[in-house]
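>>> Got a predicted model here, sequence first, then my questions.
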Amino acid sequence: MSRIVEVLQQGPTLIMSLPKNDPDLAKAARDGGADVLKVHIRVEHTASGTHFGTLDEERARLEAILAAFPGPVGIVAGADDPATPEEMEGLEEMGIDFFDLYLSHMPAWMWHTPRMAKTVALEPNYTIHQALALENLGADLLEAAIVPHQGYGKPLTMADLTAYRDLHDTVDIPIIVPTQRAIRPEEATLITGECGIEGLMIGAIVTGTTSRDIERAVKRFKEALTEG
């Protein structure tokens, strides 16, 4: 069993999606109390305006992040230009715990990457049948990235909560909800408690992009989840 699944099974889990592959930001997330980190390669990250390069371009920064952060580290392994088989092998050897791509971006060959947990990001046009099929095909985790782009940064709605709860009630594998909405710390337990979601993944929309802001935001969300 991968480390990310073990952590998610222990209780509400806080994941920090780094806006840059920056060891200082990883340390800020660690010091704020994040349980898990997510990094990126081969992606244009809209929320932070960051370009993430190939594994060769990002390797030194990723190795420094892995050295600085004690918990599981996962990776978005590309988008329209996904990671190559050689890059996936390199990520495994580095100790990356799980990989994460949108359903429509994940090549079929990547499904058999043996040493990293498979995380599939559902898209706004997902169906519950797809979620169930992914579980049956052997997905380890689902990321509920289901808010349309025009909804990014807007308040959390009851429509969001019912969709998260519906996913939770449909599949028996852990689910991660990313902060596509401007989720407030005091709303965190609506997702992990009321909806039963195992992991909340916070990113630039709610944390900002500096070390100081990230540490402060992670601490606030961690306290909310712990106290809730």
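Cool, got the structure. All of these numbers come straight from a predicted model, not from anything done at the bench.
>>> how distant is stretch 53-61 from the center of its chain?
19 Å (C-alpha atoms, centre = their mean, to the nearest Å).
>>> okay, it in CSV with CA atoms only?
Output in CSV follows, covering the C-alpha atoms of stretch 53-61 (Å, rounded to 0.1, in the frame of the first residue of the first chain):
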residue,chain,number,x,y,z
GLY,A,53,9.2,21.7,-17.2
THR,A,54,10.3,18.2,-18.0
LEU,A,55,11.7,15.9,-15.3
ASP,A,56,15.2,16.8,-16.3
GLU,A,57,14.4,20.5,-15.9
GLU,A,58,12.7,20.0,-12.6
ARG,A,59,14.8,17.1,-11.1
ALA,A,60,17.1,19.1,-8.8
ARG,A,61,14.2,21.0,-7.3
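>>> neighbouring contacts of that stretch?
By C-beta atoms under 8 Å, 6 or more residues apart in numbering, the residues outside stretch 53-61 that reach it are 21-23, 39-42, 52, 62, 83, 87, 90-91, 94. From N, CA and C alone the C-beta is placed, and that goes for glycine too.
>>> Kindly report the same for stretch 141-149.
Residues lying outside stretch 141-149 but in contact with it, judged by C-beta under 8 Å, 6+ apart, are 4-5, 8, 46, 98, 100, 102, 117-124, 126, 131, 134-135, 160, 163-164, 167, 171, 173-178, 180-181, 197, 199, 201.
>>> And residue 54, its phi and psi?
Reported as degrees, to the nearest 10, the phi and psi values for residue 54 are phi -70, psi 170.
>>> okay, now it: neighbour count?
Residues near residue 54, counting by other C-beta atoms under 10 Å, number 14.
>>> Against residue 87, how distant is it?
As for residue 54, its distance to residue 87 is 7 Å (criterion: C-beta to C-beta, to the nearest Å).
>>> follow-up on the earlier one: what about burial for the contacts of stretch 53-61, which qualify?
With neighbours counted using 16 or more other C-beta atoms under 10 Å, these contain these buried positions: 21-23, 39-42, 52, 62, 83, 87, 90-91.
>>> Identify those among the contacts of stretch 141-149 that sit within strands.
Within the contacts of stretch 141-149, residues falling in strands by DSSP state E are 98, 100, 102, 117-122, 175-178, 199, 201.
>>> where exactly do the helices run in the protein?
With helices called from DSSP state H, the chain shows them at 3-9, 23-32, 55-68, 85-94, 128-137, 158-170, 188-189, 204-207, 211-227.
>>> got CSV for the ones you listed, with distance to residue 149 too?
Written out in CSV, the entries for the helices of the chain read as follows (distance: least, C-beta to C-beta, whole Å):
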stretch, distance to residue 149
helix 3-9, 26
helix 23-32, 24
helix 55-68, 25
helix 85-94, 27
helix 128-137, 19
helix 158-170, 14
helix 188-189, 23
helix 204-207, 12
helix 211-227, 22
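>>> Let me know which of those is the nearest to residue 152.
For residue 152, the closest of those is helix 204-207, at 6.6 Å, according to C-beta to C-beta.
>>> give me the beta-bridge partners of the residue nearest to residue 13 when sequence neighbours are not counted?
Leaving aside its chain neighbours, residue 13 sits nearest to residue 199 (4.3 Å; criterion: C-beta to C-beta, 6 or more residues apart in numbering). For residue 199, the beta-bridge partners are residue 13, residue 176 (DSSP bridges).
>>> Of the buried ones among the contacts of stretch 53-61, which pair is most distant in space?
For those, with distances taken as C-beta to C-beta, the pair at the greatest spread is 23 and 83 (21.1 Å).
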